[in-house]
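> next come a sequence and a model predicted from it.
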Amino acid sequence: MELLLALAVITAVIIFGALISLGNERQRKAIDGLREQVVLWAIQDLRIKREHLAREVCVDDPLGWLNKIATKVSGFDLKLQTAEAFDEPRALICMAGDGSGRVVFTPFSPDEIHRFKKEKRGRLSQVAAQNPLLLLPRKATAYEISALNSNIVFDLELPLAWNDLTGQRVTQMERMWMYVIS
């Protein structure tokens, strides 16, 4: 009799555990579906906001805009001054306002710059003395700047600011790298 009662209790516990597991799985699927709906809603909301902002995009003070973006990404105010542009490879160099160093902006990542240095060492040796991008020290701190860490219309404002600061005609840039040389 005790054995039969023990088997009945064990069977009931197993069945109850299986029912709880099935219920938890159903809840997990429902929560995943809800999360997916929230993500889709957020993406659509950003698209709507971006469309409204895209109509009014303008950069009145390119150096001020660049300083604001650099401050947001790096975490400290660089007070950027005087910009000098270089064509090949494309770079923009600014001086920090407190005289602590230089800041180089470019569409090229650290890996691309390293490849530049390796592949074109002979042809670019004449330009290397002038272009700060090819003379970047290893201790330069690199920051990637994109719409993810700056602002929602960064990719629309960047070509406008780049054109004003460098005089180079750029129609589309989605990200930029900032190298701080102290």
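Okay, I see it.
> for residue 79, see how far away the most centrally placed residue in the chain is.
With distances taken as Cα atoms, centre = their mean, residue 146 lies nearest the centre of the chain, 3.8 Å away. Counting by Cβ to Cβ, to the nearest Å, the gap from residue 146 to residue 79 is 23 Å. Yep, even glycine has a C-beta here, placed from its N, CA and C like the rest.
> how close does the residue nearest to the centre of the chain get to residue 153?
Counting by Cβ to Cβ, the gap from residue 146 to residue 153 is 12 Å.
> low-confidence ranges in the chain?
Filtered on pLDDT under 70, the chain yields the residue ranges 119-131.
> got the domain ranges for it?
Taking automatic domain parsing as the reference, the chain has its domains at 1-56, 62-181.
> for those, state which one has the densest average packing.
Of all the domains of the chain, domain 62-181 carries the top mean neighbour count, a mean of 16, counting by mean count of other Cβ atoms under 10 Å.
> how far away from the center of its chain is it?
Distance of domain 62-181 from the chain centroid (Cα atoms, centre = their mean, to the nearest Å) equals 14 Å.
> which residue sits closest to the residue nearest to the centre of the chain, ignoring its sequence neighbours?
In space, and not counting its chain neighbours, residue 146 is closest to residue 175: 4.0 Å by Cβ to Cβ, 6 or more residues apart in numbering.
> the one you found against residue 149, yeah?
No: with contact defined as Cβ atoms under 8 Å, residue 175 does not reach residue 149; the gap is 9.6 Å.
> next, give phi and psi for residue 34.
With angles defined as degrees, to the nearest 10, residue 34 sits at phi -60, psi -40.
> so what's it up against?
Listed by Cβ atoms under 8 Å, 6 or more residues apart in numbering, the contact set of residue 34 is empty.
> all strands of this structure, in order?
For the chain, strands defined by DSSP state E occupy the ranges 81-86, 91-95, 102-106, 141-146, 175-181.
> strands paired with the second one, and their directions?
Spelled out, that is strand 91-95. Strand pairing for strand 91-95, using DSSP bridges, gives strand 81-86 (antiparallel), strand 102-106 (antiparallel).
> mind putting the ones you listed into JSON lines with distance to residue 56?
Formatted as JSON lines, these follow (distance: least, Cβ to Cβ, whole Å):
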{"stretch": "strand 81-86", "distance to residue 56": "25"}
{"stretch": "strand 102-106", "distance to residue 56": "24"}
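> can you give me the helices in this protein?
With DSSP state H as the criterion, the chain has helices at 2-54, 62-74, 110-119, 125-128, 154-166.
> list of residues touching stretch 169-178?
With Cβ under 8 Å, 6+ apart as the test, stretch 169-178 has contacts from 70, 73-74, 103-110, 142-147, 155, 158-159, 162-163.
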